[in-house]
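S.K.: Generate coordinates for the sequence data below:
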Amino acid sequence: MIGIEESDKNAYEWVANDNNKFRRALQISTRLSNDILTNEDEEITRGFTATASICYMKQCNVLRKEAIKAFQAMIAAAWEDVNEGCLRPTPVGMPIMRTGLDYQRMLDFAYKDNDDY
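M.R.: Okay, here's the model as predicted:
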């Protein structure tokens, strides 16, 4: 938020708020988008065993494809929350909201087909 005129103490408090649905949606989308494309690589070549997909597969007793479908549904719901956040009144200005929206758009583009992020 550096360089945005509307960035003030109120904006920082709004972003840091644990009940911030907009920020939470960005976090969910980021984590799950990354995990969809890198889960096999992280598990096999890097030896990671605590990815979101592995935890989801164990917790829900499902296959990787089912976990990915569930993640895609969660990402779609996160997009709805981001869009809702941009359409409803918030205590911060639209330039701050646009920063989050632009991040979400970039993430969607980068992770659409391959891991170029």
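
S.K.: Tell me how many other residues surround A16.
M.R.: Applying other C-beta atoms under 10 Å, we find 9 residues neighbouring A16. For every residue, glycine as well, the C-beta is placed using N, CA and C.

S.K.: Tell me who's in contact with the residue nearest the centre of the chain.
M.R.: Geometric centre of the chain, nearest residue: S29, 2.1 Å, by C-alpha atoms, centre = their mean. With contacts taken as C-beta atoms under 8 Å, 6 or more residues apart in numbering, S29 has the following neighbours: 75, 78-79, 82, 104, 107.

S.K.: again, but for A67
M.R.: A67 neighbours (C-beta under 8 Å, 6+ apart): 53, 56-57, 60.

S.K.: Next, give phi and psi for Y12.
M.R.: phi -60, psi -40 (degrees, to the nearest 10).

S.K.: what do you get for T38?
M.R.: phi -110, psi 0.

S.K.: How about V62?
M.R.: Dihedral angles for V62 - degrees, to the nearest 10 - are phi -130, psi 170.

S.K.: Make residue 1 into 34 and carry on from there
M.R.: Renumbered: residue one is now 34, and that last one reads V95.

S.K.: any idea how far it lies from C88?
M.R.: 11 Å (C-beta to C-beta, to the nearest Å).

S.K.: And N67, by the same measure?
M.R.: 14 Å.

S.K.: out of the two, which sits in the busier spot?
M.R.: N67 (18 against 13).

S.K.: And the more buried one, how far from Q60?
M.R.: 11 Å.

S.K.: neighbours of the nearest residue to N53 once chain neighbours are set aside, just the number please.
M.R.: Computed as C-beta to C-beta, 6 or more residues apart in numbering, the closest residue to N53 that is not its neighbour in sequence is W47, at 6.5 Å. Neighbour count for W47, taken as other C-beta under 10 Å: 16.
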